[in-house]
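A.B. asks: I would like to see how this sequence folds:
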Amino acid sequence: MKKYFSARVIALCALMVALSVIIGWVCKTYLTFGAIRITFENLPVLLAGIAFGPLAGGLVGAASDLVSCVASGYSVNPVITAGAACVGACAGLLSKYVFKRRGFFSILASALLSHAVGSMLVKSVGLYLLGYAVPVLLMRIPLYIGIAAAEAYLIYILLKNKQISSLLCVKEAE
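C.D. replies: Okay, here's the model as predicted:
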């Protein structure tokens, strides 16, 4: 059987899950404005997908959503959990097979497309099933375009750092 994850990758993925939960909690506490919530909880999920591949990104996304739901006392919505997994898996697929360079525009394209599938499409379907109105859900499109751009820039800056890129065992950003 092929070994997919080393102990180091598992530990770093667990760290990404913890970071996602903490960032999500801080953003939910301080950056929620009615039905609009500005959150950067997907930054570690995207980073896990880019650094370790689609399986790790998807698992980090799903695990962070499940831990966040349990920690905050919400019930788990499988569609929203699938959306979180899609964000990480899409980032991993796109960075591994489509945008192999680690330039800013490659990272930006991966983040935008991952958010388009996971956050704007799948999670919005889950929120619609919970009873959110369509006009509120349409406001997520420009919101997540901005969030994806900010997260892509932060990931680009992180990957330019030699210590972080060597810790993640990825090629530095160009």
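
A.B. asks: so for stretch 6-16, what's the average pLDDT?
C.D. replies: Mean per-residue pLDDT for stretch 6-16: 91.

A.B. asks: what's the closest non-adjacent residue to Cys27?
C.D. replies: Nearest non-adjacent residue to Cys27, counting by CB to CB, 6 or more residues apart in numbering: Thr39, 3.8 Å away. Every C-beta, even on glycine, is put in place using the N, C-alpha and C of the backbone.

A.B. asks: how close does that neighbour get to Leu94?
C.D. replies: Noted for Thr39: a distance of 21 Å to Leu94, by CB to CB, to the nearest Å.

A.B. asks: between these two, which is the more surrounded one?
C.D. replies: Just comparing Thr39 and Leu94: by other CB atoms under 10 Å the higher neighbour count belongs to Leu94, 24 against 19.

A.B. asks: correct me, but that one touches Leu112?
C.D. replies: No: counting by CB atoms under 8 Å, Leu112 is not a contact partner of Leu94; they are 9.6 Å apart.

A.B. asks: just the buried residues of the longest helix along the chain, please?
C.D. replies: For the chain, the helix reaching the highest residue count under DSSP state H is reported as helix 7-30. Along helix 7-30, these residues count as buried under the neighbour rule (16 or more other CB atoms under 10 Å): 9, 12-13, 16-17, 19-21, 23-24, 27.
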